[in-house]
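K.L.:
Turn this into a structure:
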Amino acid sequence: MAGKGPHCSFVLLAEFDIDSGAQLTYQFPQPLGTDEGLLANLMLPDGAERHLEDWTIFFLNQTPFNTIAPVLALETESSDNQSNGEEGRPELLYVLNLVRTKHDKSVRRGAVVKAMAICTRHPFIQIFKPVLLLALDDYFAHPSQECLTRLFDAINSMNISAAPALTRSEKLIMRASERKDIFAEKFSLHMAPLPLKAAHKTTGSNGSHSSEDWDSSFSLGGSAVWVNDDSVLIDGQVGVAIGAGPGSVGGVSLSGSSVLTSRGRRSTDASSNSSHAYSGGAIPTSSDPHLRSGISKDTHFFQTSIAYKGHTLPIKLPLATFPEEVGEYSLIQLIQTFSTPLITISGPLHPHLHTNGILTHPIIILFNALVTGKRILFLGHNIPAGQVANYVLSACALGSGCGAVLRGFIERSFPYAGLAGGEDWVSTPAYIAGVTNPIFETSGSWDLLMDIGTARVVVHKDIHISFPTTMAPPALVNTMIPRPIKAENSTGSEDDIQRIATRDGKDGNQKSEFAARQDSLDNMFIEDLISAITSHFGETLVRMRFTEYVVRFVRLAARYEELAVGSTKLGCASAPFLDGSLGSGIVFPDEAVAFKELTANASRIEGWRRTKSYQYYVQDFKKYRATAAIQGFDLSHQLLRLRLVKNLPDAEVELIVRSIADNLRTYEQIVELLAFMPPHTGGLQPLSFCLFHHQESIREATVDIFNELRQNPVGVIFLQALNHFQRYAYVRQAHARESRMKDLSHGLAPPPHLVSRTPSNRSEVSLGGT
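P.N.:
Reported below is the predicted structural model:
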C-alpha cells in the first residue's frame, strides 16, 4: 500500500482579484508546467462567491491540455491495477480543492475568495479534507508560502507503510462484507504472533475445556453448534468469535464435546442432546495476534494520522478502493435524484440508450450512455460545484461496476469543468463532465444532459446524426433459438426508430408500446434498488448490486459476440455440461430468458464494442485468465449453476464440487472462490446445500471444501455466516469422517458390509438410534 512517491505531489493556492480575475498565487514545491489560468479557474469555480465554502475535484494528466510538465520529474509508482490506462501515459493526479469565501466590508466587492488544492496519486482523496481545512484557515490567518510547505510536509509524513495491500479478490470480499473484523489477520503480519495456546486460552469457571485441545490436532473430536448469534462485541473489541482460530468453525468447537461460548451462550451437542454454558471464552482482545489496537474497530480502514501545527488528525484509509472510485461518491444519491415522480425525459429515442423504449429508467439511460461512449453533461445551476462533481464521480462508479469490472471512465471525466478550457474538454471523446453554468446546455456539444436541479434527462435532438443506428450482423442467429437477434433493440428498421422517436403516426405508437415493457429486467432491477433504499439498506448493498449488474452485462456481451462473430474475447466460451466436462459462460434459467436478455441488451452491446472501455476489458480479461488462482474451468459458471438452476444432474453437481475441492489448496484459491460468493447473494449457501445431497461422494467433496475454508480466518467468517442447520450438518459429517479415520488407524473399523451409513437427510434419532 505504501508504494513509491509522495502522497501529495503539489500544493496550489489561488485567489480572486477583482481587477485581474482568478490568479494562481503559489505552486509548491515547483510549477506544474501547465496553463496557470486554467488551474486558477478550476480552483475558483463559477458562483463560488455565493457559497461560504465549496469543494471541487478535477484531474491532471488526462489530456494534452491538462498534462503537467514539472521541471523536476515526479517519483511515481507503476500501477498494478492499470490506473494509468495506456502505456507511456503519465500517472493520473487527483486534485482536491477547497474554496472559501469570507465576507469583509473593508475590501472591494465585500468578500475575499481563496482556494487551496492538493494533487495526489491516491483516488481516496476524501481523507485529506480535514488537513486541507486547517491549512486554508492557516493561510487566511497568515498568508504565506510557509502554509503550503507545512501542508505538503504534513501529508507526506503520513505513515501507511503497515497498511495491507489487498488483491482484487480480497478487495471484493472486504467491500461485500459488513464484518468489521474481515481480514483482521492482515493487520498483524508486521507483529510477532503470539503462540496459539496463549492467544486463545479460555478462562471458563469450570475449567473443563481448554484451548490447548484446539491447536493440538485440528481435531473435530466433538460437534456442537451455536443456537444464538454468530458474534458478540465485548468492551469495544470486535469478536472474531469462536472460529477465529484454526480449531473452530462457525461457532463450532472442533475438539471438545461442546461449544466454548462467551457470556453463557447455549450450545447443542450432536452426541448427547445436552446443553452446556461457559463463561469467558474465545472473543479476541488486543492481545490476539489477529487484532491490534486501533485496527479492531473496523478493518475496512487503516488507521493512521496526520500531524499539522500541533493537531493530530485521525485518518481512516479505505483499503478496498479501486482506481475508478474517486472520493465520496453516492449511488443512492444519484438514484434518488433521477427517480423522483416529477422527473422528465425528453428527446428522441435511440437504441443505444433506450433499451426499454419510452419506459427506460433514467438511471438505465445513464448507464447505457456511459458504456456506449456518449458525451454526458451533468448540469447543476446554482448548486455547489462539489455536489455536481460528486454526481460525475458517482456516474463513473456506476458505469464501471464500482471500479470492479470496467475501467476507462475516470480518464475521460471532468468532475468540475468551467468556461476556461471549455473548448478542450468538450472536444474529448465520450466525456463525462459536471458544470454549473447553464450556457453549456445551449452549446449543444453533448449527447445526454442530466439536470440535477430540475431532475431533467435530455437526449440531444441530433443523437441519430452523431450515432447512426446499425443493424445486426447477418450471422447473429442462435442455433439453439431459431430467431435472429437484432442489434438495435426490438425495432425492425431505422424507419421504425424514427417513428418511435417522433411519436408520428399510429404505427409508431404501437411499436413504442411493443418495445417498452413495464416488467423488463432493467425496470425490475431499478425497482428492487429503490425498494432497498426506501427500506434503509446502505450504500454497500447498492454498490454490490450494480457490480453484479455490470458483470452480468459483460457476460451477456460475451455470449452476444459468440453468436455475432463466432468467438469472444470477453469471457469463457459458452458450453453446456456434456460428457463429463463442465460447462462455461453465462447461465440462463431457460432459452426463453436467454433470448429475452440478449435482444434487450444487443443494442448497447454493439455500442460498447466500439469504445475504449471495451478494449480495456479485453486486455484485463486476458490478464485475469493468465493469473487466476483457479485454472481449468469457469468458476463463476459453476457457482451460478448451483445457485440458479433447478434439478441439476447428479453427475454435474459431483463434478462441480469435486473440481472446486481439488482446486482449493492455496490461500489465493480460497479468496478467489469466496470473492464469487458475496454475503448478500447467500455466501456459501449454494455449496452448503450439497451437504444434504443424497449422493455420498457429493457430501464428502463439500466437506473437503469446508475443511479447506476453515484453515483460514476469512473462510471461518464465511462458515459462520451459514445458518445453524447448515453448520450442524457440516460439523456432524466432518466429525463422522474423523471418527472413521481414527477407527481405521486403530484397526477398529468393522467390515464394509456391516457398515450402515446415515443418509444426509435423516438423523440417528429419526432412525431409532440412541
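K.L.:
all contacts plus neighbour counts: C-alpha atoms, from now on.
P.N.:
OK.
K.L.:
Need the three-state assignment for Arg545.
P.N.:
Following DSSP: H, G, I helix; E, B strand; the rest coil, the label given to Arg545 is helix.
K.L.:
Same question for Val99.
P.N.:
With three-state DSSP as the basis, Val99 sits in strand.
K.L.:
gap between the closest residue to it other than its chain neighbours and Met43?
P.N.:
Spatial nearest neighbour of Val99, excluding adjacent residues (Cα to Cα, 6 or more residues apart in numbering): Ala115 at 4.0 Å. Counting by Cα to Cα, to the nearest Å, the gap from Ala115 to Met43 is 6 Å.
K.L.:
Please identify which of these two sits among more neighbours.
P.N.:
Per other Cα atoms under 10 Å, whichever of Ala115 and Met43 has more neighbours is Met43, with 32 against 28.
K.L.:
Surely that one is in contact with Asn97?
P.N.:
Yes - under the criterion of Cα atoms under 8 Å, Met43 makes contact with Asn97 at 6.2 Å.
K.L.:
Need the residues touching each of those two.
P.N.:
Thr56, Ala115, Met116, Ala117 (Cα atoms under 8 Å, 6 or more residues apart in numbering).
K.L.:
Please identify which of those is nearest to Tyr614.
P.N.:
The nearest member of the shared contacts of Met43 and Asn97 to Tyr614, counting by Cα to Cα, is Thr56 at 29.5 Å.
K.L.:
follow-up on the earlier one: now what about the helix or strand harbouring the residue nearest to Val99, what contacts it?
P.N.:
Element membership for Ala115, per DSSP states H and E: strand 111-120. Identification of contacts with strand 111-120 by Cα under 8 Å, 6+ apart yields 7-16, 43-44, 48-49, 93-105, 132, 136.
K.L.:
Could you rerun that using 6 Å?
P.N.:
Strand 111-120 has contacts (Cα atoms under 6 Å, 6 or more residues apart in numbering) with 7-16, 93-104.
K.L.:
Give the buried subset of those as a PyMOL selection command.
P.N.:
Buried members of the contacts of strand 111-120, defined by 16 or more other Cα atoms under 10 Å, are picked up in PyMOL with:
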select buried, resi 7+8+9+10+11+12+13+14+15+16+93+94+95+96+97+98+99+100+101
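K.L.:
Now intersect the contacts of strand 111-120 with the helices, please.
P.N.:
Among the contacts of strand 111-120, DSSP state H puts none in helices.
K.L.:
Find the nearest non-adjacent residue to Leu92, please.
P.N.:
Asn61 (5.3 Å).
K.L.:
residues near the one you found, how many?
P.N.:
Neighbour tally, Asn61, other Cα under 10 Å: 18.
K.L.:
That one against Thr67, yeah?
P.N.:
Yes - counting by Cα atoms under 6 Å, Asn61 touches Thr67, with 3.9 Å between them.
K.L.:
buried sites along whichever strand or helix holds Ser603?
P.N.:
Assigned by DSSP H and E, Ser603 belongs to helix 591-608. Of all the residues in helix 591-608, those buried under the rule 16+ other Cα under 10 Å are 594-595, 597-608.
K.L.:
quick one: what helix or strand has Arg552 in it?
P.N.:
Using DSSP H and E, Arg552 falls in helix 539-565.
K.L.:
should've said Arg727
P.N.:
helix 724-745.
K.L.:
Report the rounded mean pLDDT for that helix.
P.N.:
The average pLDDT for helix 724-745 rounds to 90.
K.L.:
Give me the distance between it and the centre of its chain.
P.N.:
36 Å (Cα atoms, centre = their mean, to the nearest Å).
K.L.:
Can you find the helix or strand of this structure with the lowest average pLDDT?
P.N.:
Sorting the helices and strands of the chain by mean pLDDT, DSSP states H and E puts strand 233-234 at the bottom, at a mean of 30.
K.L.:
Met450 and Pro351: what is the separation?
P.N.:
18 Å.
K.L.:
Compare those two (neighbour count), which wins?
P.N.:
A count of neighbours by other Cα under 10 Å puts Pro351 above the other of Met450 and Pro351, at 26 against 22.
K.L.:
circling back: buried subset of the shared contacts of Met43 and Asn97?
P.N.:
Buried subset of those (neighbour count, 16+ other Cα under 10 Å): Thr56, Ala115, Met116, Ala117.
K.L.:
out of those residues, who's nearest Ile383?
P.N.:
Using Cα to Cα, Thr56 comes nearest to Ile383 of the buried ones among the shared contacts of Met43 and Asn97, at 12.0 Å.
K.L.:
Show me the shaky parts of this structure.
P.N.:
Applying pLDDT under 70 to the chain flags residues 1-4, 19, 71, 73-88, 109, 188-296, 422, 470-515, 747-770.
K.L.:
show me where the stretch 101-250 of the chain has helices.
P.N.:
Ranges of helices in the stretch 101-250 of the chain, per DSSP state H, counting those that start in this stretch, are 129-141, 145-156, 168-176, 196-199, 214-217.
K.L.:
out of those helices, nearest to Ser305?
P.N.:
Comparing those by Cα to Cα, helix 145-156 comes nearest, at 9.3 Å.
K.L.:
Residues contacting that closest one, please?
P.N.:
Outside helix 145-156, the residues within contact range by Cα under 6 Å, 6+ apart are Pro6, His7, Tyr139, Ala307, Tyr308.
K.L.:
This completes my enquiry, with thanks.
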